[in-house]
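S.K.: this one's sequence-less:
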Ligand code: 2P0
């Protein structure tokens, strides 16, 4: 879609060396992406809230290679240290983009990346990391060729590139909320990239919290990549995709109206549907832990007792995300401290909230 053989540096007019830094957040899906085809193309549309405190900072430094060769030249550091495993993945990713960014082979690149949260905590680090890298690459293209001056064009390309790295990353490009995947509910929606739906949100969802209860920091028994692949043999796959399409319309209606009850019901139903799909895969697997269930039961009881609109969602892991409007932050934080942190690994809670999206530093 974005192949462009003209993006080649004219070596008779070499660019100066430079660096680009982007800070990009994670996101939490409310309607979930689970099941894909091709290169991270989704089987159903998804909607996420863009987070603020769970972020990756990525610095891309570049200079023209002294000697022309066709290899990707990359020096990579994660949290201040070389990381071979990540470096390999990033080289493979950059190689896969050679028709989109042919100039990458002309440069010596250094990428330094770091997260605001522990890498292994099960917070979607691929979303913040891949979106930050995609944004750096788009800024580099624009700096070298001036081809991405229009902000919408820039964001769309960054979202497309982030998706090629990790599906859910394409939603992190935008403030407040994004929709990825074709849906009649959002004009211009696409399977190739996400679009921003901030202008469709009731104000409630712009001052909205997501406190992430870290139940376990152990590595997951089944990766998201393998989990997506298992959807291909899942007997519930087709009804699930239809369910997600229906819920997308209902969720957008609820979020436009500021209907927290309808929003919360869809959020919880989606979380449990995601984990039901894992349990009904072949082989089946369970990523929730007993503490995840204990938290869910306490949240539902707390809502009944207090009428405070506190809801949960889950990512592909045991951690529980608590969703609630900013007006209730004091009550909910006290509840977490008194009742829920005992279910967390070393009492660890990552406080997060809906934010304004990535920024160039
Ligand atoms: C989501 N998740 O919508 C869903 C819900 C987790 C649960 O997308 O293979 O890291 O890179 O496309 O995006 C996690 O999977 O998978 C995910 P790839 P990704 O956020």
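M.R.: Sure thing, it's come through. If you're wondering where the values come from, they're calculated on a predicted model, not measured in any experiment.

S.K.: averaged pLDDT, stretch 81-94. What do you get?
M.R.: In this model, stretch 81-94 has an average pLDDT of 95.

S.K.: got the buried residues for that stretch?
M.R.: 83, 86, 87, 89, 90, 91, 93, 94 (16 or more other CB atoms under 10 Å). C-beta: built from backbone N, CA, C; applies to glycine.

S.K.: so stretch 282-294, near the ligand or not?
M.R.: No. Counting by CB under 6 Å from any ligand atom, the ligand is not contacted by stretch 282-294; separation bottoms out at 9.7 Å.

S.K.: touching that stretch from outside, list them.
M.R.: Stretch 282-294 is contacted by residues 215-216, 220-222, 227, 230, 233-234, 275, 278-279, 314, 316-320, 343-344 when judged by CB atoms under 8 Å, 6 or more residues apart in numbering.

S.K.: which of those residues are close to the ligand?
M.R.: Among the contacts of stretch 282-294, the ligand is touched by residue 316 when using CB under 6 Å from any ligand atom.

S.K.: and stretch 15-32, how far out from the chain middle?
M.R.: 10 Å (CA atoms, centre = their mean, to the nearest Å).

S.K.: which positions in that stretch come out as buried?
M.R.: 15, 20-32.

S.K.: for this protein, what spans make up the helices?
M.R.: 84-96, 125-145, 151-165, 224-230, 237-257, 260-279, 290-306, 329-335 (DSSP state H).

S.K.: and those helices, which is most packed in?
M.R.: Mean neighbour counts were compared across the helices of the chain using mean count of other CB atoms under 10 Å; the top stretch is helix 125-145, at a mean of 25.

S.K.: on that earlier part again, next, format the buried residues of stretch 81-94 as TSV and append distance to the ligand.
M.R.: Shown next, in TSV, are these (distance: CB to the nearest ligand atom, whole Å):
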residue	distance to the ligand
83	18
86	14
87	18
89	11
90	14
91	17
93	11
94	16
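
S.K.: which of those residues lies closest to residue 308?
M.R.: residue 86 (40.5 Å; CB to CB).

S.K.: thought the closest one was touching residue 76?
M.R.: Yes. Using CB atoms under 8 Å, residue 86 makes contact with residue 76 at a distance of 6.3 Å.

S.K.: need the residues touching each of those two.
M.R.: residue 113.

S.K.: excluding its backbone neighbours, what's nearest residue 63?
M.R.: residue 17 (3.7 Å; CB to CB, 6 or more residues apart in numbering).

S.K.: let me see the contact set for the one you found.
M.R.: Neighbours of residue 17 in contact, by CB under 8 Å, 6+ apart: 61, 62, 63, 64.

S.K.: for those, which one is nearest residue 170?
M.R.: Nearest member of these to residue 170, counting by CB to CB, is residue 62, at 23.6 Å.

S.K.: hey, what's the closest one bridged with?
M.R.: Beta-bridge partners for residue 62, by DSSP bridges, are residue 18, residue 109.

S.K.: from residue 3, how far off is it?
M.R.: Look at residue 62 and residue 3: by CB to CB, to the nearest Å, they are 21 Å apart.

S.K.: what does residue 170 give?
M.R.: In terms of CB to CB, residue 170 sits 18 Å off from residue 3.

S.K.: ok, these two, which is more surrounded?
M.R.: residue 170 (36 against 11; other CB atoms under 10 Å).

S.K.: quick one: residues contacting that one.
M.R.: 131, 159, 160, 162, 163, 178, 180, 193, 194.

S.K.: if we go to 7 Å?
M.R.: Counting by CB atoms under 7 Å, 6 or more residues apart in numbering, residue 170 touches 159, 160, 162, 163, 180, 193, 194.

S.K.: in CSV: those, plus pLDDT and distance to the ligand.
M.R.: Shown next, in CSV, are the contacts of residue 170 (pLDDT from 0 to 100; distance: CB to the nearest ligand atom, whole Å):
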residue, pLDDT, distance to the ligand
159, 98, 13
160, 98, 13
162, 98, 10
163, 98, 8
180, 98, 8
193, 98, 13
194, 98, 11
